[in-house]
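Q: Build me a model:
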Amino acid sequence: MSSRRLELTVARLAPERWDDFLDLHSEANGAGWCRCVAWWVPTWEGWGDRSQAENTALRRELCARGHNDGLLAYSGNEPVGWCQLGQRDRLTKLVAQFERDPDDRVWAVTCFLVAPAWRRRGVAGALLDAAVSTARDAGAHFLEGYPRVGADEPGEIWTGSSGLFERAGFVVVRHGDGRSVVARAL
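A: Numbering: from 1, shown residues only. Next up, the predicted model:
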């Protein structure tokens, strides 16, 4: 790994970035199937039976309805990372699973994807910093995350690691068996 400073730009998902989203969410990056729609489907029942085409269609529909709910990190013109964020209460499955009281002042950062060659180089941290700024600029009072407790393998930490959130000033507001709820006041 190079000791020089990582130079990234972070941009909000927009229709003109759709191809970049698909390039990053590819099988080569271990993400060809989900398309970051797990929290958008009503229940976990049948989630594993969904096809890549179904998930892509749902993501396209969400974007067409204005749910450009994420940030892309770039190194030059190459998309190297992603995080999904937006108002928490729009994700009813997430709110129910983590037993959160409705609060339109709360945003959530729910998913991360970093291309394998870019992992452990600060991409997720840059995305989380940008998520904090984006949520604050949109008027959110709090930003929540849902890290898996004790996990450090990429396939297990798609919601972010505990250390990632701790370094960004988040504190645990609810302990869980598999995942905690962490939050940061904005």
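Q: How about the residue most central in space within the chain: what's its closest non-neighbour residue?
A: Closest to where the C-alpha atoms of the chain average out (C-alpha atoms, centre = their mean) is residue 111, at 2.5 Å. On the basis of C-beta to C-beta, 6 or more residues apart in numbering, the spatially nearest residue to residue 111 that is not a chain neighbour turns out to be residue 84, at 4.3 Å. From N, CA and C alone the C-beta is placed, and that goes for glycine too.
Q: what helix or strand is the one you found on?
A: strand 78-87 (DSSP states H and E).
Q: Pull up the pairing partners for that strand, direction included.
A: With DSSP bridges as the test, strand 78-87 is paired with strand 70-75 (antiparallel), strand 106-114 (antiparallel).
Q: re earlier: gap between the residue nearest to residue 111 and residue 177?
A: Residue 84 sits 23 Å away from residue 177, going by C-beta to C-beta, to the nearest Å.
Q: Could you do residue 86 as well?
A: 26 Å.
Q: neighbour count winner among the two?
A: residue 86 (21 against 6; other C-beta atoms under 10 Å).
Q: what mean pLDDT does stretch 33-45 have?
A: Taken as a whole, stretch 33-45 has a mean pLDDT of 93.
Q: Could you give the number of residues near the residue nearest to residue 111?
A: Counted with other C-beta under 10 Å, residue 84 comes out at 25.
Q: Do a quick rundown of the strands in the protein.
A: 9-12, 70-75, 78-87, 106-114, 142-145, 171-174, 181-185 (DSSP state E).
Q: List of residues touching the helix ranked longest in the chain?
A: In the chain, taking DSSP state H as the definition, the longest helix is helix 123-137. Helix 123-137 has contacts (C-beta atoms under 8 Å, 6 or more residues apart in numbering) with 6, 8, 10, 12, 71, 73, 80-83, 85, 107, 109, 112, 114, 143, 145, 160-161, 164-165, 167-168, 184, 186.
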